[in-house]
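In: Return atomic coordinates for the entry below.
(one chain, ligands or ions: 2)
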Amino acid sequence: MGGRVLSVASECVPLVKTGGLADVVGALPSALARTGWEMRVLLPAYRALRAQASGWPVVWQEADLWGGPGRVVAGEVAGVPLLLLDAPHLYDREGGPYSGPTGEHPDNAVRFAALSWVAARIAREGLEGWKPDILHAHDWQAGLAPAYLAYHGNGGVKSVITVHNIAFQGWSPAHMLGVLRLPGHAFHPEALEYYGGLSSLKAALVTSDWITTVSPTYAAELMRPEFGMGLQGVIAARGPVVSGILNGVDTDLWNPEAEDPPFSRKAMAGKARARARLCEDFGLEVPGPLAIVVSRLTDQKGIDLLPAVIPDFVLGGGGLIVLGSGDPGLEAAVRNLAARFPGRVAVQIGYDEALSHRLFAGADAVLVPSRFEPCGLTQMYGLRYGTLPVVSLVGGLADTVIGASPAALSVGVATGITFHPVDALAFGRAMAQLLDLHRQPKLWAKLRANAMAQPVGWESSAGAYADLYERLTA
Ligand code: ADP
Ligand code: GLC
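Out: Ligands and ions are numbered 1, 2, ... in the order given. Predicted structure coming up:
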């Protein structure tokens with residue numbers, strides 16, 4: 001059993017990351033290796049990656065990839081087997097994967113169509129000595145890859161699309177159909193057409209052999225108008241080939257026993273020291289629970305609810321550290337909280353991996369009040385570090401945290417605090433419960449121990465992907 005998978009995506013840890021997509025794409029190859037499935041990741045050679053890849057052998061090329069040459073070089077970084085698509089006219093640019101100093105790249109549709117095109121060709125034709133059985137595409141950026149297989153021949157390869165976030169759909173106007181090498185006969189609502197134009201995510205949803213998303217609850221939510229963002233009907237129509245497979249986290253990277261100071265479920269003194277250090281570094285004095293937020297600051301994440309609930313939480317003895325960046329209005333809102341509550345609330349705007357580890361190690365609770373959350377990773381870091389997750393009951397948050405309801409408390413299985421609906425009233429009650437539970441040391445210790453005993457690694461999910469690949473290739 002086992003086989004080969006070509007994974008195609010726009011982000012991959014440790015090379016390029018704007019969100020959890022990168023963590024998942026980077027973690028899957030080694031998680032799958034144990035199941036007998038060999039995965040290689042095809043990624044654009046963005047400017048920062050070109051130096052890494054210098055000297056790697058060229059394994060594929062095309063003279064005219066939408067206006068310039070494209071070549072694929074093969075190598076490995078941090079145990080991730082990589083295929084980098086080097087096409088300087090598309091990817092050798094200043095800035096992040098999607099935007100430069102003046103905003104989003106205007107040719108993103110073509111940039112990621114090219115990535116998808118090359119993925120489909122490699123899947124169909126194979127490289128010398130390496131032919132995949134499965135093409136696994138992630139999100140809209142890779143969405144045209146399954147469509148190219150469907151419309152230009154699949155060479156016996158099965159395709160899977162994983163939806164990490166339905167909010168990003170890769171829409172282009174109808175006149176792009178030919179430019180993107182898609183067939184005119186497929187331009188109708190049952191296939192490619194989407195609100196008068198094209199969506200590369202919809203293209204994948206209608207052409208892939210299988211659709212997965214990153215939690216069972218999100219798989220069900222995606223078929224409803226409240227969460228499907230226009231694509232609910234398309235997904236519901238393909239219900240029999242839709243499944244949710246929960247993400248895992250890298251338990252070597254996120255390991256309390258490897259933090260400084262180290263701690264574990266059986267020896268929590270290190271966590272107390274980490275907390276004291278954190279408070280000192282941020283100039284905080286917090287008698288009650290110390291909460292953190294480590295997140296993109298966007299609407300999705302419910303950050304706008306913080307100003308409504310944090311004042312009461314602080315009055316009750318709580319404290320908060322926010323690490324994140326994003327929407328300028330939300331950045332201002334959290335900065336304003338820090339200004340109002342010096343010594344209790346601190347904010348660091350920006351992206352800081354090392355600080356995020358210290359925050360999870362030292363804090364008592366992590367807040368994830370998302371309006372929707374396909375999976376979410378930070379609540380799982382929280383579980384692993386005994387930093388109790390306070391989460392809204394949506395998507396993967398609902399699948400990973402057992403809320404401290406009277407029933408869960410009475411049988412001793414709670415691992416965090418959950419609330420619903422996603423509004424300031426319910427979130428405020430959850431924060432009041434956090435204060436209350438923190439005042440009961442025995443119960444608090446029990447919740448922590450439960451949280452830290454939860455399996456959050458990749459073992460079972462890697463098995464679920466392997467089972468899916470087996471079924472598709474049987
Ligand atoms: P999303 O992909 O929607 O942003 P996830 O929870 O799946 O949400 O993944 C977010 C990832 O990015 C996590 O690994 C989280 O720790 C990390 N992260 C987000 N913001 C920051 C930040 N400001 N500094 C460090 N890490 C961050
Ligand atoms: C997306 C989602 C997040 C998920 C991540 C990885 O960015 O917003 O919930 O954890 O993808 O699948």
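In: mind checking how far the residue of the chain found nearest ligand 2 is from Thr298?
Out: Nearest to ligand 2, among the residues of the chain, is Gly20, at 2.9 Å (Cβ to the nearest ligand atom). (Each C-beta comes from the backbone N, C-alpha and C, glycine too.) Distance, Gly20 to Thr298, by Cβ to Cβ, to the nearest Å: 13 Å.
In: again, but for Ser10
Out: Here Ser10 is placed at a distance of 18 Å from Thr298 (Cβ to Cβ).
In: Likewise for Gly228?
Out: 19 Å.
In: show me the contacts for the closest residue to ligand 1 within the stretch 1-150 of the chain.
Out: Residue nearest to ligand 1 within the stretch 1-150 of the chain: Gly20 (2.2 Å; Cβ to the nearest ligand atom). Shown in contact with Gly20 (Cβ atoms under 8 Å, 6 or more residues apart in numbering): His164, Asn247, Cys375, Gly376, Leu377.
In: Could you list which of the residues you listed also contact ligand 2?
Out: Contacts with ligand 2 are made by His164, Asn247, Cys375, Gly376, Leu377 out of the contacts of Gly20, judged by Cβ under 6 Å from any ligand atom.
In: Confirm Leu198 sits in a strand?
Out: Yes - under DSSP: H, G, I helix; E, B strand; the rest coil, Leu198 sits within a strand.
In: Highest neighbour count among the contacts of Gly20?
Out: Most neighbours among these, by other Cβ atoms under 10 Å: Gly376, with 30 neighbours.
In: residue contacts, that residue?
Out: Gly20, Val368, Ser370, Val391, Gly395, Gly396, Leu397, Thr400.
In: In those, which residue is surrounded by the most others?
Out: That'd be Val391 among the contacts of Gly376, by other Cβ under 10 Å, with 30 neighbours.
In: any idea how far Arg335 is from the residue nearest to that residue when sequence neighbours are not counted?
Out: Leaving aside its sequence neighbours, Val391 sits nearest to Leu397 (Cβ to Cβ, 6 or more residues apart in numbering; 4.0 Å). The gap separating Leu397 from Arg335 is 26 Å, by Cβ to Cβ.
In: do you know how far Pro183 is from ligand 1?
Out: To ligand 1, Pro183 is 33 Å away according to Cβ to the nearest ligand atom, to the nearest Å.
In: Show me what from the stretch 151-300 of the chain comes close to ligand 1.
Out: Val294, Ser295, Arg296.
In: now with 5 Å?
Out: Along the stretch 151-300 of the chain, the residues adjacent to ligand 1 under the rule Cβ under 5 Å from any ligand atom are Val294, Arg296.
In: mind listing the strands for the stretch 151-300 of the chain?
Out: Taking DSSP state E, counting those that start in this stretch as the test, the strands found in the stretch 151-300 of the chain are 158-163, 171-173, 193-194, 197-199, 210-213, 242-244, 290-297.
In: Now distance to Asp281 and mean pLDDT too, for those, in JSON lines please.
Out: As requested, the strands of the stretch 151-300 of the chain are exported to JSON lines (distance: least, Cβ to Cβ, whole Å; pLDDT from 0 to 100):
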{"stretch": "strand 158-163", "distance to Asp281": "38", "mean pLDDT": "98"}
{"stretch": "strand 171-173", "distance to Asp281": "44", "mean pLDDT": "97"}
{"stretch": "strand 193-194", "distance to Asp281": "49", "mean pLDDT": "98"}
{"stretch": "strand 197-199", "distance to Asp281": "45", "mean pLDDT": "97"}
{"stretch": "strand 210-213", "distance to Asp281": "38", "mean pLDDT": "98"}
{"stretch": "strand 242-244", "distance to Asp281": "39", "mean pLDDT": "98"}
{"stretch": "strand 290-297", "distance to Asp281": "12", "mean pLDDT": "98"}
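In: Out of the ones you listed, which is closest to Arg93?
Out: strand 171-173 (19.5 Å; Cβ to Cβ).
In: so what secondary structure elements neighbour the helix or strand that contains Ala354?
Out: Taking DSSP states H and E as the criterion, Ala354 maps to helix 353-362. Where contact means 3 or more Cβ pairs under 8 Å, 6 or more residues apart in numbering; DSSP states H and E, helix 353-362 is packed against helix 269-282, strand 290-297, strand 319-326, helix 378-384.
In: change it to 6 Å
Out: For helix 353-362, the packing partners by 3 or more Cβ pairs under 6 Å, 6 or more residues apart in numbering; DSSP states H and E come out as helix 269-282, strand 290-297.
In: buried sites along the first one?
Out: Spelled out, it's helix 269-282. Using 16 or more other Cβ atoms under 10 Å as the test for burial, helix 269-282 gives Gly270, Lys271, Ala274, Arg275, Leu278, Cys279, Phe282.
In: mind putting the residues you listed in TSV, pLDDT included?
Out: Shown next, in TSV, are these (pLDDT from 0 to 100):
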residue	pLDDT
Gly270	98
Lys271	98
Ala274	98
Arg275	98
Leu278	98
Cys279	98
Phe282	98
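In: Where do the domain boundaries of this structure fall?
Out: 3-248+459-473, 256-453 (automatic domain parsing).
In: for the stretch 201-350 of the chain, what are the low-confidence residue spans?
Out: Along the stretch 201-350 of the chain, the model assigns pLDDT under 70 to no residue.
In: where do the helices sit along it?
Out: 216-221, 225-228, 232-237, 269-282, 306-315, 328-340 (DSSP state H, counting those that start in this stretch).
In: ok so, going back, in what helix or strand does the residue nearest to Val391 lie?
Out: Following DSSP H and E, one finds Leu397 within helix 395-400.
In: Could you give the average pLDDT over that helix?
Out: Averaging pLDDT along helix 395-400 yields 98.
In: Tell me the buried residues in the helix or strand in which Ala451 is found?
Out: Taking DSSP H and E as the definition, one finds Ala451 inside helix 441-453. Within helix 441-453, the residues scored as buried using 16+ other Cβ under 10 Å are Leu443, Trp444, Leu447, Arg448, Asn450, Ala451, Met452.
In: And for stretch 233-241?
Out: Here stretch 233-241 shows Val234, Ile235 as buried, counting by 16+ other Cβ under 10 Å.
In: returning to that earlier point: phi, psi of the residue of the chain closest to ligand 2?
Out: phi -60, psi -30 (degrees, to the nearest 10).
In: what's the pLDDT at Gln52?
Out: With respect to pLDDT, Gln52 scores 88.
In: And for it, the neighbour number?
Out: Neighbourhood size, Gln52 [other Cβ under 10 Å]: 15.
In: Where does it sit: helix, strand or coil?
Out: coil.
In: Quick check: bridge partners of the nearest residue to it once chain neighbours are set aside?
Out: Counting by Cβ to Cβ, 6+ apart, Gln52 lies nearest to Val77, which is 6.4 Å off, once chain neighbours are set aside. Here Val77 shows beta-bridge partners Val80, assigned using DSSP bridges.
In: ok, now how distant is Val77 from Gly26?
Out: Val77 is 9 Å from Gly26, where distance means Cβ to Cβ.
In: How about the residues of the stretch 151-300 of the chain by ligand 2?
Out: Residues of the stretch 151-300 of the chain lying close to ligand 2 (Cβ under 5 Å from any ligand atom) are His164, Asn165, Val214.
In: quick one: contacts for the first one?
Out: Which is His164. Leu21, Asp139, Val214, Pro374 (Cβ atoms under 6 Å, 6 or more residues apart in numbering).
In: now do 7 Å
Out: By Cβ atoms under 7 Å, 6 or more residues apart in numbering, His164 lies in contact with Gly20, Leu21, His138, Asp139, Val214, Pro374.
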